[in-house]
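Colleague: need a structure here:
(2 chains)
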Amino acid sequence: MTARVRLPASIKRGEIVEVRTLVTHVMETGHRTGDDGKTVPRRILNSFVARFQGKDVVRMALAPAIAANPYIAFHFRATASGPLEMEWTDDDGSTVRHVENVTVS
Amino acid sequence: MEPDEIETSRLSRRLLLGAGTAAGLVGIVSRSASAQALRPGAHLDAIRKIEAGRSAQSGRVRIRMAEIIENGASVPVTVVGEGPADGPDRIKALHVVADDNPNPEVFSVEFGPDAPRAEIATRIRLSKTMNVIAFAETADGKLFRTAVEARVTVGGCGA
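Modeller: Numbers count the residues shown, from 1 in each chain, chains lettered A, B, ... in the order given. Prediction:
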């Protein structure tokens, strides 16, 4: 599982910035029948959190209805330079972490 | 229609007719039998959980998505909560329900007090044509609701 995150090339202090994220993940719904005729067990990323300046920007609960390779876009206010931390949590407890170092001009 | 769905609706008909129920009801029952919801009324439970005894007003929440969807496996959706970015009237959470998916919940998102916009874009699965319902919740607990019908030509594998 890897995350790809896109921010604008240049960011002004105080600007509202759109962040676009994409993670590679099958998002197995738990309703699909595999080649062996058995139900493929559910395995999804069930949460996404983004933090900036020590505070949550978004905290999102994901259901199996989120498409494979989840795409999530949100906004934050770039009040200062610093890390934008993002974390996705899998049903199995593992996490995908990604940090974008935001530099404001 | 999948073979097992045809079987289910035939079964419902037989049961109904056997019980001597009015023929007018048959249409309704076979429709719900062919629906893919795992549990009938699952979306009502999901909605009740979001409403938590409150009644939702219209306005202040918008859903942006295509009217006709060719591929239900990945449907771009943007949900926007409108109004002030801070104070008790700011939108602090959005909830989305797809009323005929096997699992009707789609996502719930909470915005931190510093979040400048109550807006989320993502891609969702829709197993067939259905209503997508969005709720926006203010920091002081007011609830707003909107719904759109998503017409799906090829369903996404059951979410």
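
Colleague: host element of A:M86?
Modeller: Per DSSP states H and E: A:M86 is located in strand A:82-90.

Colleague: typo on my end, it should be B:H43
Modeller: helix B:42-51.

Colleague: and the strands in the chain?
Modeller: Since no chain was named, I'll use chain A. In chain A, the segments counted as strands under DSSP state E are A:3-6, A:15-23, A:45-52, A:55-62, A:71-78, A:82-90, A:95-102.

Colleague: I was thinking of chain B, sorry if that wasn't clear
Modeller: Going by DSSP E, chain B shows strands at B:57-58, B:61-64, B:68-69, B:75-81, B:91-98, B:105-111, B:118-124, B:130-138, B:143-152.

Colleague: just send those strands back as JSON lines, with distance to chain A too.
Modeller: Yep, even glycine has a C-beta here, placed from its N, CA and C like the rest. Listed next are those as JSON lines, based on distance: least, CB to the nearest CB, whole Å:
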{"stretch": "strand B:57-58", "distance to chain A": "24"}
{"stretch": "strand B:61-64", "distance to chain A": "12"}
{"stretch": "strand B:68-69", "distance to chain A": "12"}
{"stretch": "strand B:75-81", "distance to chain A": "7"}
{"stretch": "strand B:91-98", "distance to chain A": "6"}
{"stretch": "strand B:105-111", "distance to chain A": "4"}
{"stretch": "strand B:118-124", "distance to chain A": "4"}
{"stretch": "strand B:130-138", "distance to chain A": "10"}
{"stretch": "strand B:143-152", "distance to chain A": "12"}
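
Colleague: who are the packing partners of the helix holding B:H43?
Modeller: Contacting helix B:42-51 under the criterion 3 or more CB pairs under 8 Å, 6 or more residues apart in numbering or on different chains; DSSP states H and E are the following elements: strand B:91-98, strand B:130-138.

Colleague: mind running it again at 7 Å?
Modeller: strand B:91-98 (3 or more CB pairs under 7 Å, 6 or more residues apart in numbering or on different chains; DSSP states H and E).

Colleague: from the chain's centroid, how far away is the strand it packs on?
Modeller: In terms of CA atoms, centre = their mean, to the nearest Å, the centre of strand B:91-98 is found 11 Å from the chain centre.

Colleague: and if you look at stretch A:40-59?
Modeller: 6 Å.

Colleague: alpha carbons of that stretch, as PDB, please.
Modeller: Coordinates of the C-alpha atoms in stretch A:40-59 are reproduced here as PDB (Å, rounded to 0.1, in the frame of the first residue of the first chain):
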ATOM      1  CA  VAL A  40     -13.800 -13.100  -0.300                       C
ATOM      2  CA  PRO A  41     -13.400 -11.700   3.300                       C
ATOM      3  CA  ARG A  42     -13.800  -8.000   3.800                       C
ATOM      4  CA  ARG A  43     -10.600  -6.000   3.900                       C
ATOM      5  CA  ILE A  44     -10.800  -2.200   3.500                       C
ATOM      6  CA  LEU A  45      -9.100   0.900   4.700                       C
ATOM      7  CA  ASN A  46     -11.700   2.000   7.300                       C
ATOM      8  CA  SER A  47     -10.300   5.300   8.300                       C
ATOM      9  CA  PHE A  48      -8.400   8.300   7.100                       C
ATOM     10  CA  VAL A  49      -7.000  11.200   9.200                       C
ATOM     11  CA  ALA A  50      -5.200  14.300   8.200                       C
ATOM     12  CA  ARG A  51      -3.400  16.500  10.700                       C
ATOM     13  CA  PHE A  52      -1.700  19.900  10.400                       C
ATOM     14  CA  GLN A  53      -0.200  22.000  13.100                       C
ATOM     15  CA  GLY A  54      -1.000  19.400  15.700                       C
ATOM     16  CA  LYS A  55      -4.800  19.400  14.900                       C
ATOM     17  CA  ASP A  56      -7.100  17.100  12.900                       C
ATOM     18  CA  VAL A  57      -8.200  18.700   9.700                       C
ATOM     19  CA  VAL A  58     -10.400  15.700   8.600                       C
ATOM     20  CA  ARG A  59     -11.200  12.500  10.300                       C
END
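
Colleague: understood, closing this out.
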